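Peer 1: Next one to model:
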Amino acid sequence: MNFTGKVALVTGGGGGIGRATCLAFAARGAKVVVVDFDPQIGEDTVSAVHAAGGDARFVQADVTKSADVRNYVKAAVNAYGRIDCFFNNAGIEGKVMPTQEYDEDVFDAVIAVNLKGVFLGLRHVLPVMLQQGGGTVVNTASVAGLFGGPGMPAYVASKHAVLGLTKVASADVASQGVRVNAVCPGPVETRMMRSLEAQRNPNDPGAIADAMRAGMPTGRYTMPEEIANTVLFLCSDLSGNMTGTQVVVDGGRSGSGGSVSNIRR
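Peer 2: Below is the predicted model of the structure:
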């Protein structure tokens, strides 16, 4: 998986999976554009790439706003001339509470980032890829896009929708040399999992983590670097005829009767 001379654009690039993917792209020769809402963690990712000898720059953006999305696309093209790989990754978990009690403002916020943000990324990156004659996109979905379960109506709905968008977008552009796939992580060792564990059991979040690990055939959460490697595979020529599909990385949990309690990032 050699990305020398290619340009990778990563939203949510300051977080666990996003940062790991930025570092993985850079380690394999890509120039990286790091997009995040939080300038501090975004710049921290750029610094980590530079420390490892890579080439990266940061663009602050709210992925729910068209102007911001247009700006990060323009910044990537102005800096490096093209966008070869797009990891459409930014997302938030929202709250854990039953549907009948779920706060409308939180629901709107989760849908805005996780669904509209992914749509806007596709809307503004795909024309660049079509004009240049090719490219690859990986959208971050989740095992929550495959299963239901209690307490996360906004997150689950948004991730189901991301898989739908992936299938439609891939059909729209496949004949023109652009591939669009999705990655579906289960629990990953990141901030998001710590948040969800604490929400499900504030008095003993570790008990939630232990129970989830016990329900996974591998007995552990996925590491961010393992998701990054999957993303790079989907962006590489090794997956050259894969489009419109999703790859699950969840330690075997979904294959043994998983549910939405397997949430990641």
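
Peer 1: how many neighbours does A90 have?
Peer 2: 26 (other CB atoms under 10 Å). Every C-beta, even on glycine, is put in place using the N, C-alpha and C of the backbone.

Peer 1: right, and it touches V113 too?
Peer 2: Yes - under the criterion of CB atoms under 8 Å, A90 makes contact with V113 at 6.2 Å.

Peer 1: list the residues that contact both of these two?
Peer 2: Between them, A90 and V113 share these contacting residues under CB atoms under 8 Å, 6 or more residues apart in numbering: V63.

Peer 1: At the geometric centre of this structure, which residue do we find?
Peer 2: By CA atoms, centre = their mean, the mean C-alpha position of the chain lies nearest to N89, the distance being 2.6 Å.

Peer 1: any low-confidence regions in the stretch 51-200 of the chain?
Peer 2: For the stretch 51-200 of the chain, no stretch has pLDDT under 70.

Peer 1: ok now stretch 241-260, how far from the chain's centre?
Peer 2: Per CA atoms, centre = their mean, to the nearest Å, the displacement of stretch 241-260 from the mean C-alpha position of its chain is 14 Å.

Peer 1: Give me the contact list for stretch 230-238.
Peer 2: Here stretch 230-238 has contacts from 1, 3, 8, 21, 24-25, 28, 84-85, 87, 136, 138, 179, 181, 183, 239, 242, 247, 249, using CB under 8 Å, 6+ apart.

Peer 1: contacting residues around the one helix or strand L23 maps to?
Peer 2: Assigned by DSSP states H and E, L23 belongs to helix 16-27. The contact list for helix 16-27, computed with CB under 8 Å, 6+ apart, reads 3, 8, 10-13, 32, 34, 36, 41, 44-45, 48-49, 52, 54-56, 85, 87, 89-90, 140, 185, 188-192, 223-225, 227-229, 231-232, 264-265.
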